[in-house]
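Visitor: After the sequence you'll find the predicted model.
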Amino acid sequence: MNNKKKTKILILGGTGFIGYHLIKKCVQIKWDVTTISKSIPLGEKFIKGVKYKKLDLKKFKNLKKIKKNYDYIVNSSGYINNNIKTKYKKDHFKILKNLVDHFKYSKIKSFLQIGSSAEYGGKKSPQFETAKCKPKSPYGRDKLNCTNYLIKAYKLFGFPSVIFRVYQAYGPMQDTNRLIPIVAKACYFNKKFDCSEGSQIRDFIYIDDIITSIIKALKTKKTNGQIFNIGSGKKVSIKFIINFTKNFYKKGIPIYGKIRLRKDESKAIYPNIDKSYYFFNLKPKKSLRINLLKTLKFYKKKYNCIN
């Protein structure tokens, strides 16, 4: 009889893109999973065996309902619409502070925060974790506030903080307001769609590679108190992504140059990932082309069901 105690993980934002895939992986490796989010998922996002909780964590008293016996915590919540400025930003930071206050004297081994490349602002690429950050967007400022608070908590009382600055994540089940799902839908239904000239250079990292890195980082104690860039290490233009999608569906009419770049938008945003490679061997398992094909096939199947 196997009496080995199950690893317990608490995931914030379990209905989001990264949260959903992390939950799925943790269930596969037989971890005990609890997730807290704004709503209980329905349909394909509901995963059997997961403890789903709906709590308003802005109110500290609600954290009394959360046990402190977790091995790991991952905060993948905090997507911010740049059109909604002050209120959402303050709420997310307040939630983080409440979480740290609640768990700071517990025995958790790691608290991993999903940050963003937006924390760097317009820093020249490749971007290093040691760079002085000057975020340009409310989203970037919010994420940086959280990062700074967690690093301070680690230094003051050893709170086991780990920060992942994630670049352009992609894969099946992504939010419909992201680049690849937007382009995939337009091409599948053979629509005209406006886009920039497509010359921006970005680093796209597949969701499975992000999840693998999270699991590895949680299990590695030496990652505590550290910030890591999470990318593929490969540079690619937005135009390549659009043309690849158009060629896959053999339809779609992109109108290049119709959308101007924002004044605060950098032409090239990509990371140096040497530190992540050194600490937990971050490297894509498969090529961008293979993972893009897998992603586009997912959306093709999804839209076939609609038709």
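Guide: Right, received. Where do you want to start? Numbering: from 1, shown residues only.

Visitor: Show me what the helix or strand of the chain with the lowest mean pLDDT is packed up against.
Guide: The helix or strand of the chain with the poorest confidence is helix 86-103; it has a mean of 81 (mean pLDDT, DSSP states H and E). Applying 3 or more CB pairs under 8 Å, 6 or more residues apart in numbering; DSSP states H and E, one finds that helix 86-103 makes contact with strand 72-75, strand 110-116, helix 138-157. Just so you know, the C-beta spots here come from the backbone N, C-alpha and C atoms, and that holds for glycine as well.

Visitor: need these in a markdown table with mean neighbour count, distance to N243 and mean pLDDT, can you?
Guide: Below are those laid out as a markdown table (neighbours: other CB atoms under 10 Å; distance: least, CB to CB, whole Å; pLDDT from 0 to 100):
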| stretch | mean neighbour count | distance to N243 | mean pLDDT |
| --- | --- | --- | --- |
| strand 72-75 | 25 | 35 | 98 |
| strand 110-116 | 25 | 26 | 97 |
| helix 138-157 | 19 | 28 | 94 |
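
Visitor: Need the mean per-residue confidence for stretch 266-273.
Guide: Stretch 266-273 comes out with an average pLDDT of 96.

Visitor: quick one: contacts of it?
Guide: Stretch 266-273 is contacted by residues 117, 120, 122, 125-128, 165, 167, 199-203, 229-233, 235, 261, 282 when judged by CB atoms under 8 Å, 6 or more residues apart in numbering.

Visitor: Type out the PyMOL command that picks the buried ones from the residues you listed.
Guide: Here is the PyMOL selection string for the buried members of the contacts of stretch 266-273, based on 16 or more other CB atoms under 10 Å:
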select buried, resi 117+120+125+126+127+128+165+167+200+201+202+203+229+230+231+232+233+235+282
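
Visitor: that older thread, can you say which of the helices and strands packed on helix 86-103 is nearest to M173?
Guide: strand 110-116 (15.9 Å; CB to CB).

Visitor: And that closest one, how far out from the chain middle?
Guide: With CA atoms, centre = their mean, to the nearest Å as the basis, strand 110-116 stands 9 Å off its chain's centre.

Visitor: Let me know the angle separating it from helix 138-157.
Guide: 150 degrees (axes from the mean of the first three to the mean of the last three CA atoms, to 10 degrees).

Visitor: strands paired with strand 110-116, and their directions?
Guide: Strand 110-116 pairs in its sheet with strand 72-75 (parallel), strand 161-166 (parallel), by DSSP bridges.

Visitor: Output the ones you listed in CSV; the columns should cover distance to K6.
Guide: Formatted as CSV, the strands paired with strand 110-116 follow (distance: least, CB to CB, whole Å):
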stretch, distance to K6
strand 72-75, 12
strand 161-166, 21
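
Visitor: which stretches of the stretch 1-150 of the chain have low pLDDT?
Guide: 1-3, 79-90 (pLDDT under 70).

Visitor: 50 - rerun?
Guide: 1, 81-86, 88 (pLDDT under 50).

Visitor: Tell me which residue is most central in the protein.
Guide: I18 (4.9 Å; CA atoms, centre = their mean).

Visitor: If you count neighbours, what's buried in the helix or strand where it lies?
Guide: I18 belongs to helix 17-28 when assigned by DSSP states H and E. By 16+ other CB under 10 Å, the buried positions in helix 17-28 come out as F17, I18, G19, Y20, H21, L22, I23, K24, K25, C26.

Visitor: Name the nearest residue to the second one, sequence neighbours excluded.
Guide: In this case it means I18. The shortest distance from I18 to any non-neighbouring residue, by CB to CB, 6 or more residues apart in numbering, is to S76 (4.5 Å).

Visitor: how far away is S276 from F128?
Guide: Separation of S276 from F128 (CB to CB, to the nearest Å): 11 Å.

Visitor: Now do the shared contacts for those two.
Guide: With CB under 8 Å, 6+ apart as the test, S276 and F128 both reach N229.

Visitor: returning to what we had before: nearest to N190, of the buried residues of helix 17-28?
Guide: Nearest to N190 among the buried residues of helix 17-28, counting by CB to CB, is F17 at 26.2 Å.

Visitor: Pull out the buried positions in stretch 256-273.
Guide: In stretch 256-273, the ones that count as buried by 16+ other CB under 10 Å are S266, I269, Y270, P271, N272, I273.

Visitor: Among those, which lie within strands?
Guide: Under the assignment DSSP state E, the buried residues of stretch 256-273 contribute I269 to strands.
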